[in-house]
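# sequence and predicted model, in that order:
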Amino acid sequence: MAGLDPTAHSTDKQFGVYFQDDWAVNERLILNLGVRWDVEKNSSYLDNVTPANVVAALFSLDPNAQTAFPGQTYAQTLAKGGVNINDYISNGHNRSTYMGEFQPRLGFRST
């Protein structure tokens, strides 16, 4: 669009490590085994604060709202389906960097 910057800007930090090795099982089969580990620091996730008006709307009881369940909040409606909305509300300090991104690698070739 005219007047808009087409470049995406990010302050995310990413780090990855990959270990790999080949093993000759016999004369005709070689296994390639490895593991990759990644970590990402994403300020839009870690430092995000859910706006107060959004939180208020989730927990407010609007008598004029056209909902499937009159007399209950949207948060209560989600809870009936097993969703705890508090798991998705952030105060900017309740999320941490996930350190468990391990991906195994397995390959083989025959000669």
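That came in fine, so what should we check first? Numbering: from 1, shown residues only.
# all contacts plus neighbour counts: C-alpha atoms, from now on.
Fine.
# of all residues in the chain, which one is nearest the centre?
By C-alpha atoms, centre = their mean, the mean C-alpha position of the chain lies nearest to Tyr45, the distance being 8.2 Å.
# what helix or strand is that one on?
Secondary structure from DSSP states H and E places Tyr45 in helix 43-46.
# off-centre distance for that helix?
From the chain centre to the centre of helix 43-46 is a distance of 10 Å (C-alpha atoms, centre = their mean, to the nearest Å).
# let me see the mean pLDDT of it.
For helix 43-46, mean pLDDT is 81.
# check which helices and strands that helix is in contact with.
On a contact count with 3 or more C-alpha pairs under 8 Å, 6 or more residues apart in numbering; DSSP states H and E, helix 43-46 meets no helix or strand.
# contact partners of it?
Residues outside helix 43-46 that contact it (C-alpha atoms under 8 Å, 6 or more residues apart in numbering) are Thr11, Asp12, Gly92, His93, Asn94, Arg95, Ser96, Thr97.
# who wins for most neighbours among the residues you listed?
Gly92 (15 neighbours; other C-alpha atoms under 10 Å).
# ok, that residue - contacts?
Leu46, Asp47, Asn48, Val49, Thr50 are the contacts of Gly92 under C-alpha under 8 Å, 6+ apart.
# please list only the buried members of those residues.
Buried residues within the contacts of Gly92, counting neighbours by 16 or more other C-alpha atoms under 10 Å: Leu46, Asp47, Asn48.
# okay, the first one and Leu31: tell me how far apart.
It refers to Leu46. 39 Å (C-alpha to C-alpha, to the nearest Å).
# dump stretch 16-32 to PDB, keeping only the CA atoms.
Only the C-alpha atoms of stretch 16-32 are listed here, as PDB (Å, rounded to 0.1, in the frame of the first residue of the first chain):
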ATOM      1  CA  GLY A  16      19.900 -23.000  17.500                       C
ATOM      2  CA  VAL A  17      22.400 -25.800  17.800                       C
ATOM      3  CA  TYR A  18      22.600 -29.000  15.700                       C
ATOM      4  CA  PHE A  19      24.600 -32.100  16.400                       C
ATOM      5  CA  GLN A  20      24.900 -34.900  13.900                       C
ATOM      6  CA  ASP A  21      27.000 -37.900  13.100                       C
ATOM      7  CA  ASP A  22      27.100 -40.900  10.700                       C
ATOM      8  CA  TRP A  23      27.400 -44.500  11.800                       C
ATOM      9  CA  ALA A  24      28.300 -47.400   9.400                       C
ATOM     10  CA  VAL A  25      26.100 -50.200  10.600                       C
ATOM     11  CA  ASN A  26      27.600 -52.600   8.000                       C
ATOM     12  CA  GLU A  27      29.100 -52.300   4.600                       C
ATOM     13  CA  ARG A  28      25.800 -51.300   3.000                       C
ATOM     14  CA  LEU A  29      24.000 -49.200   5.600                       C
ATOM     15  CA  ILE A  30      24.900 -45.900   7.100                       C
ATOM     16  CA  LEU A  31      22.800 -44.200   9.800                       C
ATOM     17  CA  ASN A  32      22.700 -40.400  10.200                       C
END
